[in-house]
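1. Could you look at this predicted model? Sequence included:
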Amino acid sequence: MSGLEALYDTFTQKAELVSAVVSRVDSPEAAFRYAVDVCDRKDACQLLVSGCAEPLSPNADGLCEAKAAQKVMAAPGLPADQLPALKALCDEKGIALIEDGLLDHLAGIDIGFTVVDFGIAETGSLVLDSSSEAVRLATMISEIHIALLPMSKIFETAYDLEDALQDFMASVPNYTAFITGASRTADIERVLALGVHGPLELHILLWEDI
Amino acid sequence: MQEAKNLNAYKGEVDKALSNSFLRTAMDNFAVAYRTGRANAFAGMDVETLIAEIADAKDAAIARMDDLFEQFKSKAEAAGIQVHLAATAEEANRIIADIAKENDAKKVVKAKSMTAEETLLNHHLEAEGLEVTETDLGEWIIQLRHEGPTHMVMPAIHLSRHQVADLFTDVTGQKQDAEIERLVKVARRELRQKYVEADMGVSGANFAIAESGTIGLTTNEGNARLVTTLPRIHVALVGLEKLTPTLHDALRVLRALPRNATGQQITSYVTWITGPNECRSAPENKKVMHIVFLDNGRRALAKDPVFSEVLRCVRCGACANVCPVYRMVGGHQYGHIYIGAIGLILTYFFHGREKARNIVQNCINCEACKAICAAGIDLPGIIKKVHGRIQDEEGHPATSALLGMVLRNRTLFHSLLKAGRAAQKPVTDDTRYIRHLPQIFARDHGFRALPAIADKAFRDRWESLRRPVENPKHRVALFAGCVQDFVYPEHLEAAVDLMADHGAAVDFPMKQSCCGLPVKMMGEKEAERAVAVQNLTAIDPNKYDHIVTLCASCASHLKNAYVDLLGDDPQWEEKVRAFADKVTPFSVLVNDVLGVEADEFKDYKIKATFHAPCHLCRGVKVTEQPKELIRKAGYEFIPADEEQTCCGFGGTYSAKFPHISAEILARKLDDFEKTGADVIITECPGCVMQLRGGMEKRGGRVRVKHLAEVLGEERVKT
Ligand code: SF4
Ligand code: SF4
């Protein structure tokens, strides 16, 4: 195994350890197809996974009602030249694609699609400049977060990213996130449960950009 | 939240916790699972170096606290954040309430913050008419129950799924099943609604990076992300000790914090916020952002030469995870707001003597916390110093002062011990145990049979036992320690023979006294020092190659505490270091120095297991020699799962908290019995006393022996 392959391997293993789903894609278009496919197949369990099927207080129930009838994918921050390709695929399946206006969807959206800045192999983490509120929300209120990670951007440890992170922090204001696996809790009897506040699933698409 | 008025009331609450069977099982499972989780998370990493680096960097930052604050403030203000410094908890709460008022905020969502727990922020904001909702699941649960946390990382670890289901039934007005997965989803929906409604988000911070004015937050649930994103106002309440010069420092702590806390490589989310970010629900699309730094004694603490290292704490909670006492009693009895070893200490500094007085006595001094602390803090040492300081402030209790007084006078101490032998006659039935405890002790101390004081102390037999050695290869001073000298002289006799047979000239300096650990345990610092000086005077390190002891607690105290006590005193400095260098635990001398080999022993293949005394495996970091010797002595060695867990003795601890001691002991004995071994071997007379007494009391068949006895018995003398 080459040094780089070993790096990708570590990344994949570590990410899978925390229940991320990792696949490789050869182009952004392949990633779009993957995302639309996941969104399309997500149907059956949708309400159940998000908690809206549970017995809730009237207020919380009200917010569930506010959820869009149509499936929603948010892809904020996607380069303008790539958007049409994703839009076409979404249209085909009747999925609403949004880049903005996430505040109208706080009840939850189906898919948040982001292109992330870096990967950290040692811990299987993603690094995402989330200074845009839409990017932040897409990775928080989506039930499934699908992240496209260019493989050239994977580094061994967080120390290797120090300069890049300092650059982020120097361009004020800035909100940078390390994301590792799905949102989780073990607060009840130390039993692991995924998706307490953030995404219930994290899919990482390693884009072979080199 | 521990608030008992006096020690007796505290013990009453401890007893209640001990009889809570859910808590006990939950804690036991956690203690065992944590050990493996942590080990896996750190696999392949040089943990010791990492912790040492964190400690150094933290110390450097603590020393520059005021500078770093100024640097952070100017960076953050340039970015548009309003930075405040609150001298007290009340002031911090007031500042935050004012921010809410000025911005016309009514509803607050909070991400977990121990600092906000410290200031009791929720109470304050609620009293000001604000609606406050905790969003971390565990915090929300305890908030709804009007309780404090029982763990710094897992605040609701004391509750069962059934209790949570009942609680959520009340909150939603809908019947909830006790299924964890579903309860978590209910919380997801109920709390999502709260984020949507909130005007103001309050968080803590794990890091405040001075070079960039950035705060860093770690969470698993992702609630801190929503709290810092959705509401139009964000207030971070941050302890001054979180200030750190560079991003690198923060990344370094991040390598240890999640691994040490929960055995995770990293938390699901780490969030770095620099400046007020885009926020569409805020005026001008920009978040209103404030950072309130909390002093509350930290600046004074930073300048304290003895106690400043407690500010290194990164709040990983691990010192509770491994604490045998926490495991028995849970967090409500093991801290006021901060929990675990660090909680016993911080309670004194942040919440005052009243709240700390009882809990600070409830440390058995096993050093398990010190061995895993992510910041390398000498927690048990500092706990004892806090205890001593409280006694200096309030006056020493009679028993403690009396013991201190007696120990300072060796001759008096030794004659009292001998008098004790005469007094015990009517209760021993001439056996080696005290058969009938005097009524006042019987109720609490009946969990183990107490050994009788030996007919003749080792020191009184020394003249007849000493063995002249021609051309000795090693010159050894034997340090007996009180328990072996007066209760188990046979351990020492066996050891003297073995050492002499291997060319060691053994001397027993008669003026030696108790090592001083018992008075340290009672917070009698002056007596502790006086006793150390006596022993340094009695035993001249220059006359010996080794100062050998069969008592792990003595070894650790002589080696570590003496240097701590006298290392800075010009009169003693040189001598105490030479002395400490020569202190050698028995197994190390026999195995590594004398080179005792298997061919000297019978080979019966009796099944044996080992109890690693706290002060051996952690105190002086000796783990392998005793086990090698057990194998060499012809035993089949079977390791116990909890080999290194404390036996619950802790010297005077087991007299002060007998019920906790009994529970710890019961678990240890179960664990040993599970191995199927016929004998438990250990290297500390205190552990022998506790384990043997417990085994005798429960009528168990497993024998308990000191390593020296075993080697003596199994030797084929040529
Ligand atoms: S020394 Fe042992 S008993 Fe004391 S606080 Fe630390 S772990 Fe707990
Ligand atoms: S004292 Fe050490 S082990 Fe305890 S919480 Fe702080 S850093 Fe963690």
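-> Arrived safely. Ligands and ions are numbered 1, 2, ... in the order given.
2. Tell me how far residue B:521 lies from residue B:310.
-> Between residue B:521 and residue B:310 the distance is 20 Å, computed by CB to CB, to the nearest Å. Just so you know, the C-beta spots here come from the backbone N, C-alpha and C atoms, and that holds for glycine as well.
3. Near ligand 2, which residues of the stretch 251-400 of chain B are found?
-> For the stretch 251-400 of chain B, the contact set with ligand 2 under CB under 6 Å from any ligand atom comprises B:313-319, B:340-342, B:373-375, B:377, B:379.
4. rerun at 5 Å
-> Residues of the stretch 251-400 of chain B lying near ligand 2 by CB under 5 Å from any ligand atom: B:313, B:314, B:316, B:318, B:319, B:342, B:373, B:374, B:375, B:377.
5. next one: phi and psi at the second one?
-> Torsion angles at residue B:314 (phi, psi; degrees, to the nearest 10) stand at phi -100, psi 10.
6. ok, it - contacts?
-> By CB atoms under 8 Å, 6 or more residues apart in numbering or on different chains, the residues touching residue B:314 are B:54, B:58, B:206, B:253, B:256, B:257, B:374, B:375.
7. Tell me how far the nearest residue in space to the second one that is not next to it in sequence lies from chain A.
-> Excluding the flanking residues, the one nearest residue B:58 by CB to CB, 6 or more residues apart in numbering or on different chains is residue B:312, at 3.9 Å. The spacing between residue B:312 and chain A, counted by CB to the nearest CB, to the nearest Å, is 21 Å.
8. pLDDT score for residue 68?
-> Going with chain A. Confidence at residue A:68, expressed as pLDDT, is 69.
9. meant chain B, my bad for not saying
-> Predicted confidence (pLDDT) for residue B:68: 98.
10. before we move on, which element is it in?
-> Using DSSP states H and E, residue B:68 sits within helix B:65-78.
11. following that helix, which helix or strand comes up?
-> Taking DSSP H and E, what comes next after helix B:65-78 is strand B:82-86.
12. Counting by contacts, list what that following strand packs against.
-> Helices and strands touching strand B:82-86, by 3 or more CB pairs under 8 Å, 6 or more residues apart in numbering or on different chains; DSSP states H and E, are helix B:65-78, helix B:89-102, strand B:288-294.
13. So what are the sheet partners of it and their directions?
-> In the sheet, strand B:82-86 lines up against strand B:288-294 (parallel) (DSSP bridges).
14. If you count neighbours, what's buried in the partner strand?
-> Across strand B:288-294, burial judged by 16 or more other CB atoms under 10 Å in any protein chain shown covers B:288, B:289, B:290, B:291, B:292, B:293, B:294.
15. circling back: pipe the contacts of residue B:314 into JSON lines and attach neighbour count, secondary structure and pLDDT per row.
-> Converted to JSON lines, the contacts of residue B:314 look like this (neighbours: other CB atoms under 10 Å in any protein chain shown; DSSP: H, G, I helix; E, B strand; the rest coil; pLDDT from 0 to 100):
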{"residue": "B:54", "neighbour count": "22", "secondary structure": "helix", "pLDDT": "98"}
{"residue": "B:58", "neighbour count": "25", "secondary structure": "helix", "pLDDT": "98"}
{"residue": "B:206", "neighbour count": "23", "secondary structure": "coil", "pLDDT": "97"}
{"residue": "B:253", "neighbour count": "25", "secondary structure": "helix", "pLDDT": "98"}
{"residue": "B:256", "neighbour count": "23", "secondary structure": "helix", "pLDDT": "97"}
{"residue": "B:257", "neighbour count": "27", "secondary structure": "helix", "pLDDT": "97"}
{"residue": "B:374", "neighbour count": "27", "secondary structure": "coil", "pLDDT": "97"}
{"residue": "B:375", "neighbour count": "25", "secondary structure": "coil", "pLDDT": "98"}
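16. what about the longest strand in chain A?
-> Ranked by residue count under DSSP state E, the longest strand found in chain A is strand A:142-150.
17. elements contacting that one?
-> helix A:28-41, helix A:46-50, strand A:109-115, strand A:125-129, strand A:201-207.
18. contact partners of the next helix or strand after the fourth one?
-> Scanning forward in sequence from strand A:125-129, with DSSP H and E defining helices and strands, the next element found is helix A:133-140. Around helix A:133-140, the neighbours that count as contacts under CB under 8 Å, 6+ apart are A:74-77, A:99-103, A:109, A:112-114, A:128-130, A:145, A:175, A:177, A:179, A:197-199, B:222, B:225-226, B:229, B:277-280.
19. Could you rerun that using 6 Å?
-> A:74, A:76-77, A:100, A:102, A:112, A:130, A:145, A:198, B:225-226, B:229, B:278, B:280 (CB atoms under 6 Å, 6 or more residues apart in numbering or on different chains).
20. Filter the residues you listed down to the buried ones and hand me the ChimeraX line.
-> The buried subset of the contacts of helix A:133-140, as determined by 16+ other CB under 10 Å, is captured in ChimeraX by this line:
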select /A:74,76,77,102,112,130,145,198 /B:225,226,229,278,280
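21. quick one: contacts for the residue nearest the centre of chain A?
-> By CA atoms, centre = their mean, chain A has its centre lying nearest to residue A:145, at 2.5 Å. Taking CB under 6 Å, 6+ apart, we find residue A:145 in contact with A:112, A:139, A:199, A:202.
22. Compute the distance between the third one and residue B:467, please.
-> Looking back up the chat, that one is residue A:199. For residue A:199, the distance to residue B:467 - CB to CB - is 74 Å.
23. try the second one
-> For residue A:139, the distance to residue B:467 equals 76 Å [CB to CB].
24. more neighbours, these two?
-> Ranked by neighbour count (other CB atoms under 10 Å in any protein chain shown), residue A:139 and residue B:467 place residue A:139 first, with 28 against 12.
25. in the chain, what spans have low per-residue confidence?
-> Because you didn't say which chain, this covers chain A. The model of chain A has pLDDT under 70 over residues A:1, A:43-49, A:68.
26. switch to chain B, that's the one I care about
-> B:424-445, B:717-718.
27. what's the domain layout of it?
-> For chain B, automatic domain parsing gives the domain ranges B:1-41+B:317-392, B:53-299, B:417-592, B:597-714.
28. As CSV, these with distance to residue A:28 would be great.
-> Output for those, formatted as CSV (distance: least, CB to CB, whole Å):
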stretch, distance to residue A:28
domain B:1-41+B:317-392, 35
domain B:53-299, 25
domain B:417-592, 60
domain B:597-714, 51
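29. Which one of those domains lies nearest to ligand 1?
-> Distance to ligand 1, taken as CB to the nearest ligand atom, is lowest for domain B:1-41+B:317-392 among these, at 3.2 Å.
30. Now do that closest one: distance to the chain's middle.
-> 7 Å (CA atoms, centre = their mean, to the nearest Å).
31. Same check on stretch B:639-646?
-> Relative to its chain's centre, stretch B:639-646 lies at 17 Å (CA atoms, centre = their mean).
32. end to end, how far does it reach?
-> 15 Å (CA to CA, to the nearest Å).
33. Identify all contacting residues around it.
-> Counting by CB under 6 Å, 6+ apart, B:324, B:364, B:366, B:609, B:612, B:614, B:617, B:671, B:672, B:675 sit against stretch B:639-646.
34. who's residue 207 bridged to?
-> You didn't pick a chain, so chain A it is. Residues in beta-bridge contact with residue A:207 (DSSP bridges): residue A:25, residue A:150.
35. Wait, chain B was what I had in mind.
-> As for beta bridges, residue B:207 partners with residue B:216 under DSSP bridges.
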